[in-house]
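# prediction below, plus the sequence it came from.
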Amino acid sequence: MRVALVTGAATGIGLATADLLEERGWRVARNHLPGQDVRGHGFAADVGDPAAVNAMVERITAELGAVSLLVSNAAAMIMGAIERVSEADFWKVVDTNLGGYFNCARACAPPMAEAGWGRIVAISSEWGQTGWPGATAYCASKAGMISMTKALARELGPSGITANAIAPGVIDTPQLEVDAADARVTLDEIKRRYAAATPLGRIGEAREVAMAVAYLASDSAGSLTGQVLSPNGGTTL
């Protein structure tokens with residue numbers, strides 16, 4: 001049974017992805033922040049901390065086996081005009097989103113290369129492609145994830161490892177609470193606004209992103225690498 005590491009697996013897209021991969025027969029290591037509750041095989045670590053990531057991957061390998069699939073999903077987000085964003089907040093977002101991806105890929109890629117098979121899937125964002133006002137740190141980090149994915153695809157391809165990114169549009173997860181607070185509206189209202197701006201007339205669901213991850217992790221996607229899938233309801237047509 002192959003082993004998957006899903007970061008940020010306590011809620012939202014990470015939780016949906018971990019659940020679906022287990023349904024598909026994967027043994028799933030569910031990364032979460034210390035203090036969070038997760039079901040299944042939980043592994044607490046702040047992915048922005050390289051030492052914590054290395055220790056986590058070593059523990060996963062000892063308890064479940066070598067990681068064959070990395071789903072880099074853990075994310076931090078702040079909203080606000082650039083003049084109000086502190087350096088500390090900016091780097092916290094970048095260190096978690098982009099730095100966490102780097103830390104996990106660096107720890108997981110060598111065993112994948114040794115096995116001659118591996119999958120890396122980065123959960124980026126539509127905003128990493130288009131930008132969004134008030135989300136400079138988040139957009140920068142998510143754009144960086146896309147570029148790093150393309151670099152990893154070229155670097156790791158000869159070792160049998162694919163690397164792809166998913167750039168979802170607005171997804172119905174707890175992260176929308178940040179958007180609602182920034183806009184000073186209710187959670188229901190921010191969902192309504194985002195849905196109205198989407199050609200399909202609705203926001204996405206976490207399981208829809210999870211389905212894209214499961215495809216990229218499968219043998220059927222063996223020739224797909226360095227690409228960006230965009231489950232966004234048509235907002236970037």
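Everything's here; your move.
# any idea how far residue 64 lies from residue 166?
As judged by CB to CB, to the nearest Å, residue 64 and residue 166 stand 24 Å apart. No exception for glycine: its C-beta is placed from N, CA and C like everyone else's.
# looking at the two, which is more packed in?
For residue 64 and residue 166, the more surrounded residue by other CB atoms under 10 Å is residue 166, and the numbers stand at 27 against 18.
# how about residue 123, nearest residue that isn't a chain neighbour?
residue 73 (4.2 Å; CB to CB, 6 or more residues apart in numbering).
# need the contact list for that neighbour.
6, 7, 8, 9, 13, 14, 17, 123 (CB atoms under 8 Å, 6 or more residues apart in numbering).
# between the residues you listed, which is closest to residue 29?
Residue 29 has its nearest neighbour among the contacts of residue 73 in residue 6, at 7.2 Å by CB to CB.
# what is the subsequent helix or strand relative to the lowest-mean-pLDDT helix or strand in the chain?
When the helices and strands of the chain are scored by mean pLDDT, DSSP states H and E, helix 176-183 comes last with a mean of 90. Per DSSP states H and E, the first helix or strand lying C-terminal to helix 176-183 is helix 187-196.
# so that following helix versus helix 176-183, what angle?
90 degrees (axes from the mean of the first three to the mean of the last three CA atoms, to 10 degrees).
# who are the packing partners of helix 187-196?
If contacts are counted by 3 or more CB pairs under 8 Å, 6 or more residues apart in numbering; DSSP states H and E, helix 187-196 sits against helix 176-183.
# now the closest residue to residue 22 other than its chain neighbours, what's its secondary structure?
Among residues not flanking residue 22 along the chain, residue 28 sits closest, at 5.1 Å (CB to CB, 6+ apart). With DSSP: H, G, I helix; E, B strand; the rest coil as the basis, residue 28 sits in strand.
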